[in-house]
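> Provide a 3D model corresponding to the input given below.
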Amino acid sequence: MPILNRIGDIQPEMTEWRRHLHTIPELMFDCYRTASFVAERLREFGVDEIYEGIAQTGIVAIINGQGDGPTMGLRADMDALPMDETTDHDYQSTVPGMMHACGHDGHMTMLLGAAKYLAETRNFKGRVALIFQPAEEEGAGGNAMVNEGVLDRFGVDQVYALHNAPGTPVGHFYTTRGPIMAAVDTFEITLNGRGGHGAFPQDCIDPIVAAVSIVQAIQTITSRNHDGRKDIVISVTQIHAGTVNNVIPETAYINGTVRTFDADVQALVQKRLKEIVEGQAASFGVTADYSYEVGYPATVNDPLKADFAVSVAREVAGDAAVNDAAIPEMGAEDFSYMLNKRPGAYLFIGNGDTAGLHHQSYDFTDDTAAYGASFFARLVERAQPVITDI
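Numbering: from 1, shown residues only. Alright, predicted model coming up:
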């Protein structure tokens, strides 16, 4: 069974929804037009309850099934990215400097398709909570919604989400047990020396040579300090210093990102970075302002829920189209905050041979939506089946 017949029937509607959402991208928590469109569709579907304005523009909609039972949470992110679109689609972004370059328009569409089907059929017990979340790209909207109590308030027992995957065939899924996406942290270092004429370095305290030494020393954390069997990425992504060829600057700035799956590895990086910065700064006679910001935690699938989600994906897509042992990715995702509070799983769904995520020519593949909506719908029906007396 590739997709549910009813969801196949509404595929043209889903395409219209997705393309409209694509034209109205919004950033961070300011997803007002997006939320209004989503809420309007949900009302048309006849969901039982709609709660708006959570974490500023987030929405939770409730669909009641047949009889008492648990509540499953299904989540879609809503926000776009601050970049210009370079496609020539007739539904391209109408907002300069903003575009749906990560497929959140498609994620919302998949959940809306499932919502329409579930509101019509209600072939499940208990409830389903449809969670439309702002500010995934920046702002930790997932954490904001958790902090506003959506999981407790609506009695969510387990929670699931999908993300599209360019380069993976349409109709295919992949995931894994345990960590699937990394924690993401950021560090900033400002080195303060004494500037002066480039011809007289002896009269200066040069922050540039200190910065270069620190960047080189940071590489030893991965190669010499951490257990090579555990994944880690430390990337220095910015170095800024100086303005002209004959002036030694007063300051130098270093910025970078840290990606880990293991809390002990994350703690090691924080410790060693601080030691390296302080030690190297002292050796060069500069002072250092250092900060380390802990960002989104690792996205960790509950093993049993991941197995269950894989079984549903196989029902929708077929055994050969589902990889249940994918290699964890170093990207980050704020669905992690929800998985920290409730068991569940995060899966990727194929977007076909398209431009990559966060690329100016990226676009969500509309044929993907029926597979994602079918997966969400069947997930609810399989987890919370209606049992009839014989």
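
> check contacts around Gly141.
Shown in contact with Gly141 (CB atoms under 8 Å, 6 or more residues apart in numbering): Met28, Phe29, Ala55, Gly58, Asp77, Asp79, Gln133, Pro134, Ala135, Asp334. Placement of C-beta: from N, CA and C, glycine included.

> residue contacts, the residue nearest in space to the middle of the chain?
Centrality entry for the chain: nearest residue to the mean C-alpha point is Glu333, 2.9 Å, by CA atoms, centre = their mean. By CB under 8 Å, 6+ apart, Glu333 lies in contact with Glu136, His163, Met181, Tyr296, Thr299, Tyr346.

> these: which two are farthest apart?
For the contacts of Glu333, the maximum inter-member distance is 13.7 Å, found between His163 and Tyr296 (CB to CB).

> quick one, which of the two is more surrounded?
Set His163 next to Tyr296 and count neighbours by other CB atoms under 10 Å: His163 wins out with 26 against 21.

> dig out what that one forms beta bridges with.
Note on His163: beta-bridge partners Phe348, judged by DSSP bridges.

> shouldn't it be in contact with Gly350?
No. Under the criterion of CB atoms under 8 Å, His163 makes no contact with Gly350, lying 10.9 Å away.

> pull out the buried positions in the strand or helix carrying Ala373.
Using DSSP states H and E, Ala373 maps to helix 368-383. Residues 368-381, 383 are the ones in helix 368-383 that count as buried (16 or more other CB atoms under 10 Å).

> and Gly142, how many neighbours does it have?
29.

> ignore what I typed, I meant Ile7.
Counted with other CB under 10 Å, the neighbours of Ile7 add up to 25.

> now do the phi/psi pair for Gly193.
Reported as degrees, to the nearest 10, the phi and psi values for Gly193 are phi -120, psi -140.

> what about stretch 249-259, average pLDDT?
Per-residue pLDDT over stretch 249-259 has a mean of 97.

> start the count at 520, not 1, going forward
In the new numbering, first residue 520, that becomes stretch 768-778.

> which of the contacts of Gly660 has the largest number of neighbours?
Using other CB under 10 Å as the neighbour criterion, Gln652 leads these with 33 neighbours.

> wait, doesn't that one sit right on Gly577?
Yes. With contact defined as CB under 8 Å, Gln652 counts as touching Gly577 (5.3 Å).

> got any residues that touch both of these two?
Shared contacts of Gln652 and Gly577, counting by CB under 8 Å, 6+ apart, come down to Met597, Gly660, Met664.

> looking at these, which is nearest Thr806?
When the shared contacts of Gln652 and Gly577 are ranked by distance to Thr806 (CB to CB), Gly660 comes first, at 36.9 Å.

> restricting to C-alpha, output stretch 891-900 in PDB.
What follows is stretch 891-900 as a C-alpha-only set of coordinates in PDB (Å, rounded to 0.1, in the frame of the first residue of the first chain):
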ATOM      1  CA  GLY A 891       4.300  12.000   4.600                       C
ATOM      2  CA  ALA A 892       0.600  12.500   5.300                       C
ATOM      3  CA  SER A 893      -0.100   8.800   4.900                       C
ATOM      4  CA  PHE A 894       2.700   8.000   7.300                       C
ATOM      5  CA  PHE A 895       1.400  10.400   9.900                       C
ATOM      6  CA  ALA A 896      -2.200   9.100   9.600                       C
ATOM      7  CA  ARG A 897      -1.300   5.500   9.700                       C
ATOM      8  CA  LEU A 898       1.000   6.100  12.700                       C
ATOM      9  CA  VAL A 899      -2.000   7.300  14.700                       C
ATOM     10  CA  GLU A 900      -4.200   4.400  13.500                       C
END
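
> thank you kindly, that will do.
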